[in-house]
Every structure is written in C-alpha cells, then in structure tokens.
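> coords below, sequence missing:
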Ligand code: NAD
Ligand code: TYD
C-alpha cells in the first residue's frame, strides 16, 4: 500500500474541488477514476496537467475487472467515493442510470475494495479507509418546525436519486458490519461553488440572470435547503478520512437554511450589483414560478453537531460570502461555461423546462 488515494467521480463538481484542494493541503498522489458522463469534465482539473502526483483513469465504477486491477496496481491507502448520478430532476425523468451507478456501482466498488483490503498486511488493513460520500436527501423531508436531520434520523428517501443513495449507504454500512471493511459515510446538504454543472439551482439561476433569461422557480419557492460552500464540504471529507471512526456516519451541513425564492432573489441582487445594466429592470423581474417537481421535498436541515464535537469541523464560509464568490466565478469563467453547455445540455434544459407550465 502507498500513500495515494483513489477518488471516484473526481471530474464532477465536488470531486474536482476535492482533488484541487487536496493537492494544496495533503499534497499526496491522487488517482481519479471517472466515467466522464455529461457531468464529468476533465477541464476542471486542468491546473494539474503535468503534475506527477495526479493520475486520471477513464473508466466505470461498475466495471469490476477494471476497479480490481486498478486497486491491485496502484495500492491506494483509501478510496473516496463521489461517483454518482446526482441530479434529482434527471432521476425523475430516467431513474435507471441512478440504480446502475449509485447502487450497482457502489456495490462493485465495495466488493473490489473488500478483496483488495483482505489481501493487505495487518498494519495496512487497519489503516485503509473507504469513504462513501452521500447526501442528506436520504432522510426525506422535514416540516417547518421539525428538528434537523441527525445521524440517527430514520432513512425515508423520496426521489429515485435519494433512494439510490440510501441503497448505497446501506451497502456501505453492511460492508463494515459484516466484513469489517473500514467504511466511513458522510451525509451532506446542498453544495454550491465553482465547477457546479449548470443544471442545479444556483449555477442555472446565475447564468440565466446574466443572460436575461427567465428564472424557473418550482412551485411556491418556499422549499428550504441547507447550503454549504463546496470547499467546506471538501474540508469535512478530509477530516473524516483522517480522523473519523470506521463504521460511523457524519452529517455535514452549512447552518444556512434558505427558501429557494430567497436564494434566487439573492442571486439576482448580486448579478445586478456586479453586472449592472443601467436603465434595465432589476433581475428579480425574471423570476417565474413554474410547475413543481413531483414529490418535491419541502425542507432539509442538518444537525452537524457530531462532526463538530468529534472532529472539530465547522463551515468556514458564510452563505452570503460563498454566494458572492460563486457568482463572480461564473462571471469570470465564461469559457468553462460555454464548454459545458453542449447540445446534450441544451436538450436536457429543453426537456426539463419546456413542458413546465407557468403558475
Ligand atoms: P456530479 O454529478 O457533479 O459528478 C459526478 C461525477 O461522477 C462525474 O464526474 C461523473 O462523470 C462521474 N460518474 C458518474 N457515473 C460514473 C460511473 N459509473 N463511473 C465512474 N464515474 C462516474 O456530482 P457532485 O455534485 O459532484 O456529487 C458528488 C457526490 O456527492 C455524489 O455522490 C452526490 O450524491 C454527493 N453529494 C452531492 C451534493 C451536492 O449538492 N451536489 C450534496 C451531498 C452529497
Ligand atoms: P437542486 O439544485 O436540483 O438540488 P436538490 O434537488 O438536490 O436539492 O435544487 C435545489 C432546490 O431548487 C430544490 O428545492 C429544487 C429547486 N429548483 C428550482 O426551483 N428550479 C430549478 O430550475 C431547479 C434546478 C431547482
């Protein structure tokens, strides 16, 4: 075993932020296994071109032979598993890919990790870690006065995405309890920040506001999400990897509950401030309430007391500052934006929004 880590899905939003910040902090080698679906973009990792510590492997986590031989060849000390289908609306339109990657893919990875780990010597077996990155959506939905999700909240996933992540969490748990594989799971709230694919709320709204397009808010816009700046999530994953207790789960959140309509309004105000259009109406005039997402969870909130108490992690970035950085990043990175908005992206936008009636 050496000091490299294997990251899956490292060309996606959180995975690429994780690898970039890992190189500036731990600085040890990273192998990135990514299938490069529509959400995977190797350009996110362009700063690592020519860096001997970084190895990109184009491949599918469902491919047991590939995963097994990669583990045997590279001998990583840990796996940090991000690879997933991650967009709720796509899971409603076409759930199958979610079952394949999130459930079957996680199973393949756990099974290959178990075989690799079983063959290690005692010290290496004790030090090995499998960190499974998951979501707060596995806990279902909260009423306005319910306490936030804790690690003991029963699972009650409502979307095919959430159900597929819940399935993967259960498999990860079972591999610790049955086989002793040193698995850690993190359940995090909604992330935002640079490199997020513009199908998700925040980047979609930033780009539409910049381009004077309508801002499609589902339903009454009062659904609440807890928002965490992506670099804070990456820092949480690093501390769980280094000091978390195998077999445990850690909830990760930003203490920043916001109604969607308030998030969209804040984006409009920032875009008005940073890119003023003298004489033009405020961007809030672009907001349109549209037909809701089926089964739309009303509220998510995270109680992150355990990771604070046991590992000393708390978020560093407040929502207002993180959102400002994010708006600026999308304004300053129009080349990245144009490269990801391919024909397939435009087809998805047409499919998801064309048929949504305005309320
Ligand atoms: P993303 O959709 O931006 O990226 C997913 C990455 O996984 C892409 O690079 C894609 O190419 C890759 N991938 C997909 N299927 C694959 C396969 N079969 N084999 C190999 N690679 C594959 O996702 P994200 O937003 O970066 O989320 C990363 C992880 O964090 C996911 O597991 C997600 O459930 C979890 N999570 C996300 C959020 C959020 O707000 N985005 C919050 C909590 C947890
Ligand atoms: P999203 O970014 O898809 O994350 P998730 O569904 O995983 O929380 O959506 C965040 C919230 O924003 C969610 O309540 C749905 C809502 N939303 C809209 O109102 N309009 C949109 O166009 C999108 C993509 C999301």
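Yes, it's here. Here the structure is a predicted model, which means the values were calculated and not measured. Numbering: from 1, shown residues only. Ligands and ions are numbered 1, 2, ... in the order given.
> all contacts plus neighbour counts: C-alpha atoms, from now on.
Fine.
> Excluding covalently adjacent residues, which one is nearest to residue 221?
Of all residues not flanking residue 221 in the chain, residue 261 sits nearest, at 4.7 Å (CA to CA, 6 or more residues apart in numbering).
> element containing that neighbour?
Assessed by DSSP states H and E, residue 261 sits inside helix 260-274.
> How about residues contacting that helix?
Contacts of helix 260-274 with the rest of the structure, by CA atoms under 8 Å, 6 or more residues apart in numbering, involve 202, 205-206, 209-210, 215, 217, 221-225, 282-284, 323-324, 327-328.
> For the stretch 151-300 of the chain, which residues are neighbours of ligand 2?
Residues of the stretch 151-300 of the chain found near ligand 2 (CA under 6 Å from any ligand atom) are 199-201, 216-218, 223, 260.
> and the protein, which residues reach ligand 1?
Selection of the chain residues close to ligand 1 by CA under 6 Å from any ligand atom yields 8-15, 34-37, 39-40, 59-62, 82-86, 101, 133-135, 188-191.
> re earlier: in the helix holding residue 261, what's buried?
Within helix 260-274, the residues that qualify as buried are 260-261, 263-272, counting by 16 or more other CA atoms under 10 Å.
> next one: stretch 55-63
Buried residues in stretch 55-63, counting neighbours by 16+ other CA under 10 Å, are found at 55, 59-62.
> could I get these as a markdown table with secondary structure and pLDDT?
Shown next, in a markdown table, are the buried residues of stretch 55-63 (DSSP: H, G, I helix; E, B strand; the rest coil; pLDDT from 0 to 100):
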| residue | secondary structure | pLDDT |
| --- | --- | --- |
| 55 | strand | 97 |
| 59 | coil | 98 |
| 60 | coil | 98 |
| 61 | coil | 99 |
| 62 | coil | 98 |
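> which one of those is nearest ligand 2?
Closest approach between the buried residues of stretch 55-63 and ligand 2, by CA to the nearest ligand atom: residue 61, at 22.1 Å.
> nearest residue to that closest one other than its sequence neighbours?
Once flanking residues are discounted, residue 61 sits nearest to residue 105: 5.2 Å by CA to CA, 6+ apart.
> can you pull the contacts of the one you found?
Residue 105 is in contact with 61-63, counting by CA under 8 Å, 6+ apart.
> got TSV for the residues of the stretch 151-300 of the chain next to ligand 2, with pLDDT, distance to residue 296 and secondary structure too?
Shown next, in TSV, are these (pLDDT from 0 to 100; distance: CA to CA, whole Å; DSSP: H, G, I helix; E, B strand; the rest coil):
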residue	pLDDT	distance to residue 296	secondary structure
199	98	16	coil
200	98	14	coil
201	98	14	helix
216	98	15	strand
217	98	12	strand
218	98	9	strand
223	98	8	coil
260	98	12	helix
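> is it true that residue 221 touches residue 289?
Yes. Taking CA atoms under 8 Å as the definition, residue 221 is a contact partner of residue 289 at 7.3 Å.
> got the end-to-end distance for stretch 334-346?
16 Å (CA to CA, to the nearest Å).
> Let me see the mean pLDDT of it.
For stretch 334-346, mean pLDDT is 95.
> which residues sit against the helix or strand harbouring residue 350?
Using DSSP H and E, residue 350 sits within helix 343-353. Residues from elsewhere that reach helix 343-353 (CA under 8 Å, 6+ apart): 38, 89, 199, 216.
> Now that we have those residues, which of them are buried?
89, 199, 216.
> Let me have those in JSON lines, adding distance to residue 169 as columns.
Shown next, in JSON lines, are the buried ones among the contacts of helix 343-353 (distance: CA to CA, whole Å):
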{"residue": "89", "distance to residue 169": "21"}
{"residue": "199", "distance to residue 169": "25"}
{"residue": "216", "distance to residue 169": "32"}
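> where exactly do the helices run in the protein?
In the chain, the helices defined using DSSP state H lie at 13-24, 64-74, 88-93, 96-98, 106-118, 122-127, 160-179, 201-210, 230-243, 260-274, 305-311, 319-332, 334-340, 343-353.
> Show me which residues of the fourth one are buried.
Of the residues in helix 96-98, those buried under the neighbour-count criterion (16+ other CA under 10 Å) are 97-98.
> Same question for stretch 341-352.
Taking 16+ other CA under 10 Å as the criterion, stretch 341-352 shows 341, 345 as buried.
> Specify which member of the buried residues of helix 260-274 is nearest to residue 97.
Nearest to residue 97 among the buried residues of helix 260-274 is residue 260, at 27.1 Å by CA to CA.
> Report the separation between that closest one and ligand 1.
As judged by CA to the nearest ligand atom, to the nearest Å, residue 260 and ligand 1 stand 14 Å apart.
> Then residue 123?
29 Å.
> Could you shift the numbering so residue one becomes 152, and keep it that way?
With 152 as the first residue, the last one maps to residue 274.
> Number of residues surrounding that residue?
Neighbourhood size, residue 274 [other CA atoms under 10 Å]: 9.
> got the contact list for it?
Not one residue lies near residue 274 by CA under 8 Å, 6+ apart.
> what about residue 364, neighbour count?
Neighbour tally, residue 364, other CA under 10 Å: 13.
> what about the spatially closest residue to it that is not a sequence neighbour, neighbour count?
In space, and not counting its chain neighbours, residue 364 is closest to residue 437: 6.7 Å by CA to CA, 6+ apart. Other residues near residue 437 come to 15 when the count uses other CA under 10 Å.
> cool, the one 3 residues further on as well?
For residue 440, the number of neighbouring residues by other CA under 10 Å comes to 18.
> do the same with residue 267
Using other CA under 10 Å: residue 267 sits among 17 other residues.
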